[in-house]
Every structure is written in C-alpha cells, then in structure tokens.
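Undergrad: need the 3D shape of this:
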Amino acid sequence: MKKFGILFMGLSMALCLGACGEKKSNVSMGDYMSQGSHEDNTVEPEPSSVQHESGKIGDYSVSIVKSEITTSKTGKKSMLVTYSFTNDSNKTVKFADVLSAEAYQNNTACAQAGMVDQDYDIETMLAEVKPGETKNVYEAYILYDNSDVTIRVSKEGQTLEEEQKDTSMIKRVFKVQ
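TA: Below you'll find the model as predicted:
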C-alpha cells in the first residue's frame, strides 16, 4: 500500500510539472530572454535625471551609437543596437559584467535576439576590454511592433531603489521604420 501511495504521488507531481511546461513562448531557443520568465517584464521607472545618448557610468564611458532594423536568426523582426564602450578603469572588464543594457517597447522589456552574424551577436558584450580601450559592442532585441524603442544603460546589479537614485543612466529612443 505504501508503494502505491508513493507511486501515485510521483505520478501526480509529474503531471503537475508537465502541465506547467505547457506554456508557449514566442521566443525560440535561437533568441534569448532579457529577463527570466518568472519576472515582470514591464518597464521600470526611470530616475528623474538621465543622460541622453552618451555619458559616464562609474569608470566607463558609453554611447548608444545607432540602431538598425534586422532579422534574428529565428526570422523575427529585430533591432540591432551598437554601443561604444570605453573602459576608463584600471582593470580589464567585460561590458556585461559592469553595465546593463535593456530595450523597452510599449512599456515592455524586449527579449534579446540571437543573430546569424557572430560579429554582431550578444557575445560581443562578453569580450574583455582593457583599461583605456574602446570597443563597439552589440545587442539585438526582438520587436513587438513598429512603435519607438527606448534603450537604457545603467550599472549592472543595482536594485530598483539604487537605480532610482542613480543619475548616470543613459537613455536613447529609436524610431522603428
């Protein structure tokens, strides 16, 4: 009887977990979520003061240089954003380790898009940048529609409260054509 109870409980758990996995996503394995599926992806409020298009965040100079409408490797309409990143610190860093870049459209975070051309893939944000060196880094985002896209760059790892008090956030709005 005890074995039957354990078997029944195990089967029940498997069915519950299977049902949880039924949720469909419009992002495939070739694209990447910019936030975990358990997180709210609505736009977070901006600090009252931000830098526009370029500026200094801590020991790093950043410019949101340009955007280009393209297609992800899964065939979705995407925006490829070019960032210029200068490491003004005294140690080698990676853009993704020290800064956070996000895109929002219609008050919703855009998922990261995987790109066919590896020169423009998210991996560029993981390249090492030596002290005094400037590199272009790229990130692509899946678009929901043809409305404007807001790009925001801030310090990596900040809490929402810290971000609200930080005036070094850099913002740029791009039109989708």
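Undergrad: what segments of the chain are helices?
TA: When secondary structure is read from DSSP state H, the chain shows helices at 2-20, 95-98, 160-165.
Undergrad: pull out the buried residues from the shortest one.
TA: Using 16 or more other C-beta atoms under 10 Å as the test for burial, helix 95-98 gives 95-96, 98. Any C-beta I mention is one placed from the backbone N, CA and C, and that applies to glycine too.
Undergrad: name the nearest of the residues you listed relative to Q112.
TA: Of all the buried residues of helix 95-98, the one sitting nearest Q112 is A96; the distance, using C-beta to C-beta, is 11.1 Å.
Undergrad: what's the closest non-adjacent residue to the closest one?
TA: In space, and not counting its chain neighbours, A96 is closest to M125: 4.2 Å by C-beta to C-beta, 6 or more residues apart in numbering.
Undergrad: tell me which residues touch that neighbour, please.
TA: Residues in contact with M125, defined by C-beta atoms under 8 Å, 6 or more residues apart in numbering, are 94-96, 101, 137-139.
Undergrad: from these, which land in strands?
TA: Taking DSSP state E, the ones among those that sit in strands are 94, 101, 137-139.
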